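Enquirer: sequence and predicted structure, then a few things I'm wondering about:
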Amino acid sequence: MATKRIDCTVNGQKHSLEVGVGESLLEVLRNRLHLTGTKKGCGVGECGACTVLVDGEAIDSCLFLAVWADGKAIRTIEGEAKEGQLTKVQKAFVEEGAVQCGFCTPGFVMSVTALTEKGCHCDREGLKKELSGHMCRCTGYHNIINAAEKAMREK
Amino acid sequence: MFDIARYDEARSVDEAVALLAANPQARLIAGGTDVLIRIREGKQPEAHLVGIRHIAALTRIERKDDGTLFIGAAATFSRIASDPLIRQCLPVLAEAVDTVGGPQIRRVATIGGNVCNGATSADSASTLFALDAILQIQGPKGIRLTPIHQFYRGPGKVNLGPAEVLTAIVIAPESYEGYGGHYIKYAMRKAMDIATLGCSVNCKVAGGNILADVRLAFGVAAPTPIRCPEAEGVVKGKPFSLELVESFGNAAAAEINPRTSWRASREFRLHLAKELSKQALVKAFQQAGGLIHGD
Ligand SMILES: Cc1cc2nc3c(=O)[nH]c(=O)nc-3n(C[C@H](O)[C@H](O)[C@H](O)COP(=O)(O)OP(=O)(O)OC[C@H]3O[C@@H](n4cnc5c(N)ncnc54)[C@H](O)[C@@H]3O)c2cc1C
Ligand code: FES
Ligand code: FES
């Protein structure tokens, strides 16, 4: 398969990588950079487990070609906690018990992080809509929405 | 890993056309939310792709001095839904594209990909039919304009010649100025679901309650999105009344020929067509400034 060189930053660190033109961003993150916090659920854009931020926007990395990451800033769950300090979004997930098996959590945390950074003022219904691209098989969603609400409130 | 043998990133529309012309095997990819799924399913082995998502000219949304709106084919749904010009001039389109997939999909999926994929369920398509949208297409022989209702040829089949690129969706001022519109997507789930039926109505009101113009379009009511000229004729020029709305619904159901699929039976779709067209007409009438007796 043909390859292309891409330059991007991942969690603030510069990378210059030779990627296959058929590789997804998810595969590059997990298999090459060993950032396995980003999960692969469905692989077809339905579950949101693979959600990362590209230039601040939450997208499904399983349907995003790695070549498109050229020149972009990527953020994954690994870059969120700094020096052992959880972000306010992560703290809210812990405090609200919004985690069970944890498979969906990195994706949810990235989406909620983007929302809080954009200064979103959604109500509960709005939050449900904003998070509708994520699936969770365990929590029943209530605690996740509670966590998202809490993270929005806290400055 | 997607089975992609070759990928070229086009930096301009001219370059995209040249890359397609030089390699008949090559196919366009914008957001890839249809193309990559097809490749994953093994339907496009050893794909050759020309990427157009980074061409700035294709992501622009603008209004010309004469009021004509140009929506770049590679504008994403989230961009369109939040664009101030679209919210002001075509709120119904902002509503319609906001029903696609989930937020992560809407940030990469484009309106051009939605139209060119040729699916009757495309959430932007019925609204673009009801808006009398015109497609601006560039190919090796130059630029041509085609009304959207002449673009669809059958399921997954559209009128795009070799090496042609949809560059913009054009809405003339007479198609939207003074109109109110409403789109209803009927699906089993509120998010991440394909429409069982999509219904879009645009309406212009004169003298407070005359339906001066009405345009009705459906998705998933036929192999392609369709307009319903007969149902439109039943109400055009008449004063708004609930009886008239009832005849509109009946005419709409009589005009379409949906099929049974695993999602819904033909009978259920006919019932939906009647109910959704009525609801959409009432909403569009109010959006256009029409007053319903007792309001
Ligand atoms: C999880 C999921 C949920 C979805 N939900 C919905 C939904 O609710 N409603 C809905 O309508 N769709 C839905 N889709 C389908 C898809 O997201 C849309 O059809 C989208 O608009 C396609 O745009 P794209 O840019 O990703 O297209 P691509 O996949 O890049 O392209 C689609 C087709 O159009 C061609 N093409 C693209 N751009 C151009 C152009 N400018 N000129 C000529 N040809 C072009 C490509 O060659 C290809 O054949 C969903 C998809 C996924 C994966
Ligand atoms: S793994 Fe990407 S959306 Fe499910
Ligand atoms: S906590 Fe298990 S999938 Fe969400």
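Expert: Great, that's in hand. Ligands and ions are numbered 1, 2, ... in the order given.
Enquirer: quick one: residue B:291 is in a strand?
Expert: No: Residue B:291: not assigned to a strand; according to DSSP: H, G, I helix; E, B strand; the rest coil it is coil.
Enquirer: got the contact list for it?
Expert: Residues touching residue B:291, when contacts are defined by Cβ atoms under 8 Å, 6 or more residues apart in numbering or on different chains, comprise B:208-209. Heads up, the C-betas are built off the backbone N, CA and C, glycines and all.
Enquirer: tell me how far it lies from residue B:202.
Expert: From residue B:291 across to residue B:202, the span is 18 Å (Cβ to Cβ, to the nearest Å).
Enquirer: one more: residue A:61?
Expert: Separation of residue A:61 from residue B:202 (Cβ to Cβ): 38 Å.
Enquirer: ok, now residue B:110?
Expert: 23 Å.
Enquirer: for ligand 2, what's the nearest residue on the stretch 51-200 of chain B?
Expert: Ligand 2 sits closest to residue B:104 of the stretch 51-200 of chain B, with a gap of 7.2 Å, by Cβ to the nearest ligand atom.
Enquirer: per-domain residue ranges of the chain.
Expert: All of this is about chain A. A:3-79, A:88-153 (automatic domain parsing).
Enquirer: wait, chain B was what I had in mind.
Expert: The record, using the TED database to delimit domains, assigns chain B the ranges B:4-51, B:60-174, B:180-288.
Enquirer: okay, those domains in a markdown table with mean neighbour count and distance to chain A next?
Expert: Shown next, in a markdown table, are these (neighbours: other Cβ atoms under 10 Å in any protein chain shown; distance: least, Cβ to the nearest Cβ, whole Å):
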| stretch | mean neighbour count | distance to chain A |
| --- | --- | --- |
| domain B:4-51 | 18 | 4 |
| domain B:60-174 | 20 | 3 |
| domain B:180-288 | 20 | 3 |
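Enquirer: what's the closest of the ones you listed to residue A:128?
Expert: Closest approach to residue A:128 among those (Cβ to Cβ): domain B:180-288, 8.5 Å.
Enquirer: the helices in the stretch 101-250 of chain B, which residues?
Expert: In the stretch 101-250 of chain B, helices defined by DSSP state H, counting those that start in this stretch lie at B:103-106, B:111-116, B:125-130, B:173-176, B:229-235, B:242-255, listed in chain order.
Enquirer: number of residues surrounding residue A:37?
Expert: 17 (other Cβ atoms under 10 Å in any protein chain shown).
Enquirer: how close does residue B:87 sit to residue B:93?
Expert: For residue B:87, the distance to residue B:93 equals 9 Å [Cβ to Cβ].
Enquirer: er, residue A:77 actually
Expert: According to Cβ to Cβ, residue A:77 and residue B:93 sit 35 Å apart.
Enquirer: doesn't residue A:53 fall inside a strand?
Expert: Yes: membership of residue A:53 in a strand is supported by three-state DSSP.
Enquirer: and the gap between it and residue B:120?
Expert: As defined by Cβ to Cβ, residue A:53 lies at a distance of 34 Å from residue B:120.
Enquirer: show me what from chain A comes close to ligand 3.
Expert: Within chain A, the positions near ligand 3 by Cβ under 6 Å from any ligand atom are A:99-104, A:136-139.
Enquirer: now, of these, which are buried?
Expert: In those, burial by neighbour count holds for A:99, A:103-104, A:136, A:139, counting by 16 or more other Cβ atoms under 10 Å in any protein chain shown.
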